[in-house]
Each structure stands twice: as structure tokens, then as C-alpha cells.
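K.L.:
below is the structure, and that's it, no one-letter string:
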């Protein structure tokens, strides 16, 4: 009787952990050591070359990341990826040749000569088929005027193939230190492994019936 009761508890725990799997928000500390970080300190307004990463533009202007000078002292006193295109603005996105488990970036308003800034930013992550895994709308800080940049990121075991930053054609924003790679296992994942091992142990210990 005692052994059977233990096994029943494990089955309930295992069922709970399975149901908790989802695309979830993450922080920079949730990435495993060795995660890749894309900075934009190239010494010019050009984008860095990153194997397996494609920078996309949603504007018809081919000079999506172009200006008369580098964007300095925007976030962390460094150059950032921004949607500034001459005198217009556009949305920003990157795609991964191989989907990643987690991705995120620091975002905020960017000072510019037109003084137009979106109040909010939509951030979306999609899988390799273009299905939306998660999306959120955040209030944008203004780092160049004393606010702290905001980190927005997600993890998904389904694999993230694309992340988008959408300003709604209403102003200028930037993204910096795009971080991607594997994430620390969620607590429920660890419980699932323990529950599975315990369930196997219970089956091994269950007395034979005649």
C-alpha cells in the first residue's frame, strides 16, 4: 500500500510538469554561459557580419541601417542597431539559420534629428514556419535621457527562428546586445526529470501480484 501511494503522487507531479511547457519571457541571467551576443560597435553605421544570422528590413529603402555617422552613446555608451533610415523609420527583425531556444535584446528610444519616438514597441518571436510563438507590447524607455534600457526576450523549446521589433511606423527606436542561445532549464523541467525517474523506480519496486 505504501509503495502504491508513492507512485500515485509521482504520476500527479509528472502530469503537472508536462502541462507547464510554453514560450516564456526571460532575462539576461536566464541564458546559459556561452550564449552569443550581437553588439553593433562596428566603427561605422554598417551592420556586423554574424554567421547564421540575417538582418532584415521591413522598409523598401535598401539602406535600412544607414546615416551620416555612427550612433554613439545610445545604450551603454555604445552604438546600437536602430531603425533610422535617412529621414524615415521602419521595423526591425533578424532571422536565424538554425532556430534557437532563447533570444532577447535591450530596447529603447533613440535620439535623432526628427525627434519622433514611439511610446511602445511590439516584440514578436516566430518559429521556422512563421507561426507566432509569443508577442508583447512594452513601454519604451529613453536611455539617452537617463532611463535604463529594457531587456525583452523569450525562450521556447519549439525553437525561435525570427525575432521582430515593431515600432508601428511612429518613431525611432533601437535594439542592442541581441543575445541568443540556450537557456537555463526551467524548474518544471527539472521536476519532470525527477518525476520520471521516481516513476520508473516505483514500477521497479512494485510487488508482483499473484
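P.N.:
Sure, I can see it. All values derive from a computational prediction rather than experimental measurement.
K.L.:
low-confidence stretches in this protein?
P.N.:
Counting by pLDDT under 70, the chain shows low-confidence ranges at 1-21, 44-46, 57-74, 77, 84-88, 113, 188-210.
K.L.:
tell me which stretches of it form helices.
P.N.:
Assigned by DSSP state H, the helices in the chain fall at 2-19, 187-205.
K.L.:
can you tell me the distance between the two ends of stretch 38-47?
P.N.:
Using CA to CA, to the nearest Å, the end-to-end distance of stretch 38-47 comes out at 10 Å.
K.L.:
now stretch 142-154
P.N.:
First-to-last residue span, stretch 142-154, CA to CA: 22 Å.
K.L.:
list the buried residues of it.
P.N.:
Neighbour-count burial for stretch 142-154 flags 143-144, 149-154 (criterion: 16 or more other CB atoms under 10 Å). To be clear about C-beta, it is placed using only N, CA and C from the backbone, and glycine gets the same treatment.
K.L.:
residue 131: which of the residues you listed is nearest?
P.N.:
residue 154 (13.6 Å; CB to CB).
K.L.:
that closest one reaches residue 30, doesn't it?
P.N.:
No - Residue 154 sits out of contact with residue 30 when judged by CB atoms under 8 Å, with a separation of 10.1 Å.
K.L.:
now intersect the buried residues of stretch 142-154 with the strands, please.
P.N.:
Counting by DSSP state E, those place 150-154 in strands.
K.L.:
using CSV, lay out these together with distance to residue 39.
P.N.:
Converted to CSV, those look like this (distance: CB to CB, whole Å):
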residue, distance to residue 39
150, 17
151, 14
152, 17
153, 16
154, 20
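K.L.:
which single one of the residues you listed is nearest to residue 34?
P.N.:
residue 153 (16.3 Å).
K.L.:
show me the beta-bridge partners of the closest one.
P.N.:
Counting by DSSP bridges, residue 153 forms beta bridges with residue 104.
K.L.:
any idea how far residue 172 is from residue 82?
P.N.:
In this view, residue 82 and residue 172 are 7 Å apart by CB to CB, to the nearest Å.
K.L.:
which of these two has more residues huddled nearby?
P.N.:
Neighbour comparison, residue 82 and residue 172: the larger count goes to residue 82, with 25 against 22 (by other CB atoms under 10 Å).
K.L.:
the nearest residue to residue 173 once chain neighbours are set aside - how many residues pack around it?
P.N.:
Closest residue in space to residue 173, ignoring its immediate chain neighbours: residue 167 at 5.1 Å, by CB to CB, 6 or more residues apart in numbering. Residue 167: 24 surrounding residues under other CB under 10 Å.
K.L.:
OK, contacts around residue 167?
P.N.:
Counting by CB atoms under 8 Å, 6 or more residues apart in numbering, residue 167 touches 83, 89, 91, 118, 121-122, 173.
K.L.:
redo that, cut-off 10 Å
P.N.:
58, 83, 89-92, 107, 109, 116-122, 140, 173 (CB atoms under 10 Å, 6 or more residues apart in numbering).
K.L.:
these, buried ones only, as a PyMOL selection?
P.N.:
Buried residues among the contacts of residue 167 (16+ other CB under 10 Å), as a PyMOL selection:
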select buried, resi 83+89+90+91+92+107+109+117+118+121+122+140+173
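K.L.:
next step: the contacts of residue 167 restricted to strands.
P.N.:
Going by DSSP E, the strands hold 89, 92, 107, 109, 120-122, 173 from the contacts of residue 167.
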